[in-house]
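1. Here is a sequence together with a model predicted from it:
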Amino acid sequence: MSRVIVYSQPGCGACRAEKDWLSQQGVAFEDRDIRAKPEWLQEIRVLGSQATPTTVVETEWGREVVIGFDRALLSKLLGL
């Protein structure tokens, strides 16, 4: 089973689209609003990103970081 964390912010159309798509696919995810907690903004910087959405997919094989809403890559990583 995968753990999915979506770093997002209010007013981000791509963030909304990705979260809606994940929900439609039945994928549970944790939404981290980078404006709500400064440490979440710092976390995406450590991941090498300055954009939202930034998504972390953790599996038993490791962790992948997806910057931007990349439906094809997310589908592959989540086995959809």
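-> Looks like it arrived, so ask away. Numbers count the residues shown, from 1 in each chain.
2. Name every strand pairing with the helix or strand where Val57 lies and say which way it goes.
-> Using DSSP states H and E, Val57 sits in strand 54-59. Using DSSP bridges, the strands paired with strand 54-59 are strand 3-8 (antiparallel), strand 62-67 (antiparallel).
3. longest single helix anywhere in this structure?
-> helix 13-24 (DSSP state H).
4. next SSE after that one?
-> Next along from helix 13-24, by DSSP H and E: strand 30-33.
5. Contacts for that following strand next, please.
-> Contacts of strand 30-33 with the rest of the structure, by CB atoms under 8 Å, 6 or more residues apart in numbering, involve 3-10, 19, 40, 43. Placement of C-beta: from N, CA and C, glycine included.
6. Tell me how far the nearest residue to Val56 once chain neighbours are set aside lies from Asp70.
-> Excluding its sequence neighbours, the residue lying closest to Val56 (CB to CB, 6 or more residues apart in numbering) is Ile5, at 4.4 Å. Noted for Ile5: a distance of 15 Å to Asp70, by CB to CB, to the nearest Å.
7. between the two, which one's more packed in?
-> Shown here are Ile5 and Asp70; by other CB atoms under 10 Å, Ile5 has more neighbours (19 against 15).
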